[in-house]
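[1] With the sequence up front, the predicted model follows.
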Amino acid sequence: MLEFMLRRTLIALPVLLLVSLISALIMEMVPGDPAVLIAGQSATDLELAQIREQLGLNRPFLSRLFDWYVALARGDLGDSILLNRPVTQAIVERVPVTLALAGSALLLTILLGVPCGVLSAVYANTWIDQALLTFSLLGVSIPNFWLSLMLIVLFGVMLDWLPAGGYIPFADDPLGWVKCLILPAFSLALLQVGLLARITRATMLEVLQQDYVRTARAKGLPVLMVVGKHAFKNVLIPVITVIGISFGLLLSGSVVIETVYSLPGMGRLLANAVFGRDYPLIQGGLLVTAAVLVLLNLVVDVLYAMVDPRVRYGKR
């Protein structure tokens, strides 16, 4: 297992470098000039030239990219053009917000999606199954930005139960932190709840048709024991896969949710960086995001081996 984890970590390094290269190439092809955004439309050519020279934007792309990789080897992600401070500092301030949002949404996804899928499979072709399938279909169909606006109007404006936006750090007010995350987390999670419920249902229906499940039922074991002890363990592998994919989708979907709810997270930071052509911030933010996803994939692979002993990574 240790050898497998080390091998996957080494494979991840070229992936991270490739992500930063692709992001740099895309931003180089996007029209626009950061110097104009900084100095304003009324700036003279001399002022723009001075800003480009100060920021190194007048140098060739490959030269700037090489210097960025050299600095990355020293653990330096550079300085943000728009924020005028280290990229690392800006990311460290925003990452906890995004991880809190994505983690809360993932928790809701698991707590709602897995039970819905299991119950739908156990009571297949009944009104319970139809009701849960309808709920999952709504989750897949409703755009999260529209759902966010409706939840803000209902719970934030009309009922005034929850904050309509903003963020309170956990250290300042734990209860306020929870209240600030309820609506964004639900808006972000609903789509993944529907997907996870449908995958869980399909896998559980297949498992319930296996001979060992029929034997357990023939012995007169309670339904809860048959489903929970015998069937559910064999559903975990695809469920873990979907959960890992869902967390990546939740991270990417946080851009819209953080904008709607005015959350100071990584998604909103990267969106502003793209509009402002802030190359160091874009490359650093995407590199950190890719690192989180690579780490997540590694965790999912380890969970495979823990759930199913037949998976032997060390012999691959």
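    Perfect, I can see it now.
[2] Distance of Leu132 relative to Ala291?
    Distance, Leu132 to Ala291, using Cβ to Cβ, to the nearest Å: 36 Å. Every residue, glycine included, has its C-beta placed from N, CA and C.
[3] Compare those two (neighbour count), which wins?
    Neighbours around Leu132 and Ala291, counted as other Cβ atoms under 10 Å, are more numerous at Leu132. The numbers are 23 against 15.
[4] Could you find the closest non-adjacent residue to the more buried one?
    Spatially, and ignoring its direct neighbours in sequence, Leu132 is nearest to Ser120 (4.3 Å; Cβ to Cβ, 6 or more residues apart in numbering).
[5] OK, contacts around the one you found?
    By Cβ atoms under 8 Å, 6 or more residues apart in numbering, the contact set of Ser120 is Ile128, Asp129, Leu132, Leu133, Ser136, Ala197, Thr200, Arg201.
[6] buried residues in the helix or strand encompassing Cys180?
    Assigned by DSSP states H and E, Cys180 belongs to helix 174-208. Within helix 174-208, the residues that count as buried by 16 or more other Cβ atoms under 10 Å are 177, 180-201, 203-204, 207-208.
[7] Stretch 265-279 now?
    Gly265, Met266, Gly267, Arg268, Leu269, Leu270, Ala273, Val274, Gly276, Arg277, Asp278, Tyr279.
[8] just stretch 217-236 next, same as before
    So for stretch 217-236, counting by 16+ other Cβ under 10 Å, buried means Val226, Val227, His230, Ala231, Phe232, Asn234, Val235, Leu236.
[9] swap in stretch 95-106?
    In stretch 95-106, counting by 16+ other Cβ under 10 Å, buried: Val95, Val97, Thr98, Ala100, Leu101, Ala102, Ser104, Ala105, Leu106.
[10] Narrow those residues to those in helices?
    Those of the buried residues of stretch 95-106 mapping onto helices are Val95, Val97, Thr98, Ala100, Leu101, Ala102, Ser104, Ala105, Leu106, per DSSP state H.
[11] between those, which is closest to Trp146?
    Ala105 (16.8 Å; Cβ to Cβ).
[12] who touches that closest one in this structure?
    Applying Cβ under 8 Å, 6+ apart to Ala105 gives the contacts Pro184, Ala185, Phe186, Leu188, Ala189, Gln192, Leu250.
[13] and what of Ser262?
    Neighbouring residues of Ser262 by Cβ under 8 Å, 6+ apart: Gly165, Gly166, Tyr167.
[14] Which residues are in contact with the last one?
    In other words, Tyr167. Counting by Cβ under 8 Å, 6+ apart, Tyr167 touches Val97, Trp177, Cys180, Ser262, Leu263, Pro264.
[15] Number of residues surrounding the fifth one?
    Same thing as Leu263. 23.
[16] and what of the last one?
    The local packing count at Pro264 equals 15, with neighbours defined by other Cβ under 10 Å.
[17] any chance you could map the helices in the protein?
    Applying DSSP H to the chain gives helices spanning 2-29, 34-39, 45-55, 61-73, 87-122, 127-141, 144-151, 174-208, 211-218, 223-225, 236-260, 266-275, 279-307.
[18] and the third one, average pLDDT?
    In this case it means helix 45-55. Averaging the model's pLDDT scores along helix 45-55 yields 76.
[19] what's the angle between that helix and helix 279-307?
    Interaxial angle, helix 45-55 versus helix 279-307 (axes from the mean of the first three to the mean of the last three Cα atoms, to 10 degrees): 40 degrees.
[20] Run the chain-centre distance for helix 45-55.
    Put simply, helix 45-55 sits 37 Å off its chain's centre (Cα atoms, centre = their mean, to the nearest Å).
[21] if we can go back for a sec, can you name the two of the contacts of Ser120 that are farthest apart?
    For the contacts of Ser120, the maximum inter-member distance is 14.5 Å, found between Ile128 and Thr200 (Cβ to Cβ).
[22] Wait, Leu106 touches Ile243, no?
    Yes. Checked against Cβ atoms under 8 Å, the pair Leu106 and Ile243 is within contact range at 7.2 Å.
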